[in-house]
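>>> show me the folded form of this:
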Amino acid sequence: MQKIFFALVVAALATTSLFHRAYAQTNIGMVPSSSFVVNHWQGSAYSDSSGVFQSCMVSSSYVSGTTLGFAVFPNGSVNIIFVRSDWAFKIGQPISGQLTIDQRYAAKVTGVATAPTVIKISFAPTDPVFENLARGYVMTIQSDAGNGTFKLTDSFRALALAKNCAQKYQAASPPAPNNLALQNWMTRNTWFNDPRYAEQARKATAIDGLMRAEGKDPTKNEYYAELDSRLRNSGVVAPTTPVTANSPPSVQPSKSKPEPKSDKPIEVSGTGFVVSLDGYVVTNNHVIGGCLSPISGSAAGESPVDLRLVSADSANDLALLKSPKNAKSSVSIRGVAIHPGDGVVAIGYPFYGILSSDFTVTNGIVSSLGGVGNDSRYLQISAPVQPGNSGGPLLDMSGNVVGVVSEKLDAIKVANITGSIPENINFAIKTGTLRDFLDKNNVAYQTAAPHFEVKISDMAAAARGYTMRISCTSKSE
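Residues are numbered from 1 along each chain as shown. Okay, here's the model as predicted:
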């Protein structure tokens, strides 16, 4: 048995050695300056002929026949690289696909064949994929080249190895010559390192990879002029003005508050839903962000209770509240990805006391897997929502939560720009962001896969037990 194990290890190392040689050959001018082995991962640091550090790579072969590698560069960008001996691509060929982590995070990606048997996918340092890789268990790739599944417990450690290697060798490396053309492009395109524009950044890195595979010189100004042209021709819409961390999205929160402004406190309200029988309730941060009085929660037909604020995430617009008593029922969170065109149901308390004192139920579809500016944290939905729906559950047709209703498009602003009023363009926070938030706060929630469809009337009846109107007294604005 030990001999067989030793033979397998030797075979795996031989495969990864071939992989590293292929990697060096597809990145002209790079030579391995150091090598290391950790468990079944083989690593190398690469420099150019003058000794300037270029990248660190770790790789390992899987029983499926695919070799997986991570390459980390001095600017923090990362390439995920796949190799299969049965592939036969044209060098520079684009490979489209989707990357999914635990069915909680999904991103469209475009890889580039850097050799007949090698595909690389490039990511900017700030891409949200890395935060999800850190918390994930399984990464799945569905692409033109086929599908693959990789356990992340070990793979993310490998990425950490590559990053540590890069830090070590970059610190000891002679300084690299300045690429003024690249610096000028980065100055013009500050959105590139903004996580809200990750999809555009992935497209830009894919086009950059294609151009490098074509042998174009990335130190020339004309290289980046062509990159901009190709971006426009590919349909990428990126900001033309510098992006700041505090740039407001072109959407408006949907919590209820009267139009007239005064110095007197006013009552604001939204919606929340129970995610744990321990009494934990989720809503939007903007619903309770200005509360002066205790936060009140009331389910249909029940007396209000005071809710304690446990945690708030203003960046992702989520808040966690706690009831003083256990809940009678809670909702399950969908454990697999939802797709454009799938039916959804929104439940909430819009215009409470004006239209109705009961919650309302609206239905529609998932229109897109991205929000404003392709923000991957959001779903775009056609289900109508109004002020007061904020924080409410968005359900699939099996009655599982697939999002937290958050925002509606600012119709007046869009009409002023386009001359037409948009209809049924609303947004919900995806369950990946929600589950990360709940995990950070150690909330024991239930997940479920979609099964048979439930009648909307039955779904609404079940929602009475876990959907709450959230209200408080707030300062006027």
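>>> show residues contacting stretch 194-202.
107-110, 121-124, 126-129, 191-193, 231, 236-239, 243, 245, 370, 373-376 (C-beta atoms under 8 Å, 6 or more residues apart in numbering). Every C-beta, even on glycine, is put in place using the N, C-alpha and C of the backbone.
>>> just the buried residues of those.
107, 109-110, 121-124, 126-129, 191-193, 231, 236, 238-239, 243, 370, 373-376 (16 or more other C-beta atoms under 10 Å).
>>> give me the subset of those residues lying in helices.
When DSSP state H defines the helices, the subset of those inside them is Val129, Leu231.
>>> so of the buried ones among the contacts of stretch 194-202, which ones are in strands?
Per DSSP state E, strands hold the following members of the buried ones among the contacts of stretch 194-202: Ala107, Val109, Thr110, Ile121, Ser122, Phe123.
>>> of all the residues you listed, which two lie farthest apart?
Greatest spacing in these, by C-beta to C-beta: Ala107 and Ser122 (12.6 Å).
>>> rewinding a little: turn the ones in strands among the buried ones among the contacts of stretch 194-202 into JSON lines, including pLDDT and distance to Ile381.
JSON lines is the format used below for these (pLDDT from 0 to 100; distance: C-beta to C-beta, whole Å):
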{"residue": "Ala107", "pLDDT": "84", "distance to Ile381": "19"}
{"residue": "Val109", "pLDDT": "88", "distance to Ile381": "24"}
{"residue": "Thr110", "pLDDT": "87", "distance to Ile381": "26"}
{"residue": "Ile121", "pLDDT": "90", "distance to Ile381": "29"}
{"residue": "Ser122", "pLDDT": "88", "distance to Ile381": "31"}
{"residue": "Phe123", "pLDDT": "89", "distance to Ile381": "28"}
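>>> which of the residues you listed sits closest to Phe437?
Ala107 (19.1 Å).
>>> the closest one reaches Leu133, doesn't it?
No: the criterion here is C-beta atoms under 8 Å, and Ala107 misses it with Leu133 at 11.1 Å.
>>> buried sites along stretch 458-474?
459-460, 463, 465-474.
>>> now the end-to-end length of that stretch.
Using C-alpha to C-alpha, to the nearest Å, the end-to-end distance of stretch 458-474 comes to 35 Å.
>>> do stretch 213-220 as well
16 Å.
>>> could you pull up the mean pLDDT of it?
Per-residue pLDDT values over stretch 213-220 give a mean of 84.
>>> who touches that stretch?
Here stretch 213-220 has contacts from 91-92, 112-114, 179, 181-182, 208, 211-212, 223, 226, using C-beta under 8 Å, 6+ apart.
>>> out of the residues you listed, which are buried?
Val112, Ala113, Thr114, Ala181, Leu182, Asp208, Met211, Arg212, Tyr223.
>>> where's the residue lying closest to the last one once chain neighbours are set aside relative to Asp208, distance?
Just to be clear, that refers to Tyr223. Spatial nearest neighbour of Tyr223, chain neighbours left out: Lys216 (5.5 Å); criterion: C-beta to C-beta, 6 or more residues apart in numbering. As for Lys216, its distance to Asp208 is 9 Å (criterion: C-beta to C-beta, to the nearest Å).
>>> what segments of the stretch 201-350 of the chain are strands?
Read by DSSP state E, counting those that start in this stretch, the stretch 201-350 of the chain holds these strands, from start to end of the chain: 251-253, 266-276, 280-283, 295-299, 305-313, 318-322, 333-334, 343-348.
>>> please identify the deepest-packed of those.
Of all the strands of the stretch 201-350 of the chain, strand 280-283 has the most neighbours on average by mean count of other C-beta atoms under 10 Å, namely a mean of 27.
>>> quick one: the helices in the stretch 351-477 of the chain?
411-418, 431-440, 456-463 (DSSP state H, counting those that start in this stretch).
>>> relative to strand 318-322, how tilted is the second one?
The reference is to helix 431-440. Angle between the axes of helix 431-440 and strand 318-322 is 40 degrees (criterion: axes from the mean of the first three to the mean of the last three C-alpha atoms, to 10 degrees).
>>> report all helices and strands that helix 431-440 contacts.
Judged by 3 or more C-beta pairs under 8 Å, 6 or more residues apart in numbering; DSSP states H and E, helix 431-440 is in contact with helix 129-135, strand 280-283, strand 305-313, strand 318-322, strand 333-334, strand 401-409.
>>> what strand or helix carries the nearest residue in space to Ser50 that is not next to it in sequence?
Of all residues not flanking Ser50 in the chain, Pro174 sits nearest, at 6.9 Å (C-beta to C-beta, 6+ apart). Counting by DSSP states H and E, there is no helix or strand that carries Pro174.
>>> Pro174 and Asp48 touch, don't they?
No: the pair Pro174 / Asp48 is not scored as a contact, 9.9 Å apart, by C-beta under 8 Å.
>>> what sits against Val237?
By C-beta under 8 Å, 6+ apart, the residues touching Val237 are Gln200.
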